[in-house]
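[1] Following is a predicted model, sequence given first.
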Amino acid sequence: DYKTALKEWQSLADQGNASAQYNLGVMYENGRGVLKDYKQAAKWYRKAADQGHTSAQYNLGLMYDNGRGVLKDYKQAAKWYRKAADQGHTSAQYNLGVMYENGRGVLKDYKQATKWYRKAADQGDADAQYNLGVMYENGEGVLKDDKQAVKWYRKAADQGDADAQYNLGWMYGKGRGVLKDYKQAVKWYQKAADQGYASAQHNLGFMYAYGEGVLKDLSKAKYWIKKAYENPSANS
């Protein structure tokens, strides 16, 4: 009963209750029990955020990041992400890492990006695990280390991250950070391909075409290569 909840939270929020202020922000952002209103959502998130409410700080960061209810402002987004990240909010840590990697709202700093990705990755965030793997593979913010790249790709891949599954397959196919193992390459390409990952479909097709890690099968090769070229994401 969103309308009843709204009345109760409004009363508490007006009295300065941070959790009620946050919940009120969620109601306005999603249009639950009230007309959707991003400005009101941002207003209530800010009140809760100013009291140190972690999720409100993160959500306010998102509002600034996306320009919803407030003017888009990457510096403000980074500010609020940092406040939430410092309190251990996983998604805020990941987003702050993205800000540092891309120089959005902060000076580009791969070391800081890696720092925040690692914090989120250690809490099990698959996107952060994948990005940390990329940082290790490319030697950005850390010393280049293919073994560490594989380690983090595997963690994300085990959670179903298609990008990580593809990259892990590629690492096995090239013998980077692991012993070259075409069967493992096929395994991970297959997982990503099944999720519609065009590059994985393409590579899987060629594994079948050349009989690498699987029995040579030209019909399967044709099937996967065709899927890759017809994939809408192939040229994205």
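    Yes, it's here. Quick caveat: nothing in here was measured; it's all calculated off a predicted structure. Numbering: from 1, shown residues only.

[2] C-alpha only now, for contacts and for neighbours.
    Will do.

[3] in the host helix or strand of Lys220, what counts as buried?
    Taking DSSP states H and E as the criterion, Lys220 maps to helix 218-230. Across helix 218-230, burial judged by 16 or more other C-alpha atoms under 10 Å covers 218, 220-222, 224-225, 227-228.

[4] Closest one of these to Glu137?
    For the buried residues of helix 218-230, the minimum distance to Glu137 (C-alpha to C-alpha) is 25.0 Å, reached by Ala228.

[5] and the closest one, what pLDDT?
    pLDDT recorded at Ala228 is 96.

[6] what's the answer for Asn235, then?
    Note on Asn235: pLDDT of 49.

[7] same thing with Glu101?
    98.

[8] quick one: contacts for it?
    Counting by C-alpha atoms under 8 Å, 6 or more residues apart in numbering, Glu101 touches 108-110, 112-113.

[9] Which of those residues are buried, as a PyMOL select command?
    With 16+ other C-alpha under 10 Å as the criterion, this PyMOL line picks the buried residues out of those:
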select buried, resi 109+110+112+113
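
[10] wait, which of the contacts of Glu101 is closest to Arg32?
    Once C-alpha to C-alpha is applied, the member of the contacts of Glu101 that ends up nearest Arg32 is Ala113, at 35.4 Å.

[11] Next one: the nearest residue to that closest one once chain neighbours are set aside relative to Arg104, how far apart?
    For Ala113, ignoring the flanking residues on the chain, the nearest one in space by C-alpha to C-alpha, 6 or more residues apart in numbering is Gly97 at 4.0 Å. Distance of Gly97 to Arg104, computed by C-alpha to C-alpha, to the nearest Å: 10 Å.

[12] picking up where we left off before, can you give me phi and psi for the residue nearest to Ala113?
    phi -60, psi -40 (degrees, to the nearest 10).

[13] Tell me the pLDDT of it.
    Looking at Gly97, its pLDDT stands at 98.

[14] surely it meets Lys111?
    No - here Gly97 does not reach Lys111: they are 9.3 Å apart, not a contact under C-alpha atoms under 8 Å.

[15] Of these two, give the one with the bigger neighbour count.
    A direct count of neighbours by other C-alpha atoms under 10 Å for Gly97 and Lys111 places Gly97 higher, at 31 against 16.

[16] wait, what's in contact with the more buried one?
    Residues counted as contacts of Gly97 (C-alpha under 8 Å, 6+ apart) are 112-117.

[17] Out of those, which sit inside helices?
    Among the contacts of Gly97, the members falling in helices (DSSP state H) are 112-117.

[18] Those into TSV, with extra columns for distance to Val134 and pLDDT?
    Converted to TSV, those look like this (distance: C-alpha to C-alpha, whole Å; pLDDT from 0 to 100):
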residue	distance to Val134	pLDDT
Gln112	15	98
Ala113	12	98
Thr114	10	98
Lys115	13	98
Trp116	14	98
Tyr117	11	98
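
[19] that older thread, including distance to Leu62, could the buried residues of helix 218-230 go into TSV?
    Formatted as TSV, the buried residues of helix 218-230 follow (distance: C-alpha to C-alpha, whole Å):
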residue	distance to Leu62
Leu218	48
Lys220	44
Ala221	43
Lys222	43
Trp224	38
Ile225	39
Lys227	36
Ala228	34
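
[20] Out of the residues you listed, flag the one nearest to Asp14.
    When the buried residues of helix 218-230 are ranked by distance to Asp14 (C-alpha to C-alpha), Ala228 comes first, at 55.2 Å.

[21] so which of the contacts of Gly97 comes closest to Trp80?
    For the contacts of Gly97, the nearest to Trp80 is Trp116 (14.3 Å; C-alpha to C-alpha).
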